[in-house]
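> below: sequence and its predicted model.
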Amino acid sequence: MPIIFSLIARGTTVLANYASCTGNFTQVTDQILVKLPSYDSKLTYSHEDYLFHYILENGIVYLCITDKDFERSIAFQFLSDIKKRFLGLYRNVAQTAVPYSLNSEFSVILSSEMSRRSDGLGDNSKIGRVSEDLDELKGIMVRNIESIATRGEKLDLLVDKTEDLEITSRTFKKSSKKLSRAMCMKNAKCTIFLVVIILLVIFFIFVGACGGFSFPCTHPKKN
């Protein structure tokens, strides 16, 4: 998944985040958050095989980490959409919410949107919007993350994507089991339905052969 981590923060106070795989994202982003300017800005930091993209607006930071080959325009589309959804839900509490108080709800949205954008299921095919995004992207600088590190400080991002693969595998296995159970239930229902139909057919054949529902054939004949 090219978008591997995202967060929403008020200054250095993280309100919600989501990681698609294991890594020291919290430690690294904590170091980055304290270095961001106080004014509104948009920027991309590069670090080896990864890019850190952020939008800072009215004191709220919208940040995501992607693979270096992931389209920056799509990353900033993701951040813009996340910003709109976040403000739509939490505009009135964003400036006072305590750390991670919005995580249980908004991390689900982060996860869904990360997956959508990473799998190319967003509205990136809209030429007008892509053109606008590319024009805007020209004004968003890319800097090496070391430029914000103080002397002697090292920012090392460690990512282990094996967990992401394991999660995908576990999800596939669970889905397979659910599908198997559903098919078994469907087959069982079909079998029961067929047996009932056969029994009804046999019953009506017997009724017809016996002369009716009063079953006269079972009554002893009178001399």
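Great, that's in hand. Predicted model, so just to flag it, every value in this text is computed and none were measured.
> ok, which stretches of this structure are helices?
25-33, 72-90, 103-118, 127-137, 162-210 (DSSP state H).
> and those helices, which one averages the lowest pLDDT?
With a mean of 52, helix 127-137 has the lowest mean pLDDT of the helices of the chain.
> and residue 99, its phi and psi?
Per-residue torsions, residue 99: phi -50, psi 130 (degrees, to the nearest 10).
> residues touching the closest residue to it other than its chain neighbours, list them.
Closest residue to residue 99 apart from its sequence neighbours, by C-beta to C-beta, 6 or more residues apart in numbering: residue 13 at 5.3 Å. No exception for glycine: its C-beta is placed from N, CA and C like everyone else's. When contacts are counted by C-beta atoms under 8 Å, 6 or more residues apart in numbering, residue 13 is found next to 97-99.
> any of these buried? List them.
For those, a burial check counting by 16 or more other C-beta atoms under 10 Å picks out residue 97.
> possible to save the contacts of residue 13 as a markdown table with pLDDT and distance to residue 112?
Formatted as a markdown table, the contacts of residue 13 follow (pLDDT from 0 to 100; distance: C-beta to C-beta, whole Å):
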| residue | pLDDT | distance to residue 112 |
| --- | --- | --- |
| 97 | 95 | 21 |
| 98 | 95 | 24 |
| 99 | 95 | 22 |
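> residue 23 pairs with what?
When assigned by DSSP bridges, residue 23 has beta-bridge partners residue 159.
> my read: it touches residue 17, true?
No - using C-beta atoms under 8 Å, residue 23 makes no contact with residue 17, being 11.7 Å away.
> overlap in contacts, the two.
residue 5.
> reformat the contacts of residue 13 as CSV; add distance to residue 63.
Shown next, in CSV, are those (distance: C-beta to C-beta, whole Å):
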residue, distance to residue 63
97, 17
98, 19
99, 15
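> which one of the contacts of residue 13 is nearest to residue 195?
residue 97 (59.4 Å; C-beta to C-beta).
> tally of neighbours for the nearest residue to the closest one once chain neighbours are set aside?
Among residues not flanking residue 97 along the chain, residue 15 sits closest, at 5.5 Å (C-beta to C-beta, 6+ apart). If you count neighbours by other C-beta atoms under 10 Å, residue 15 ends up with 22.
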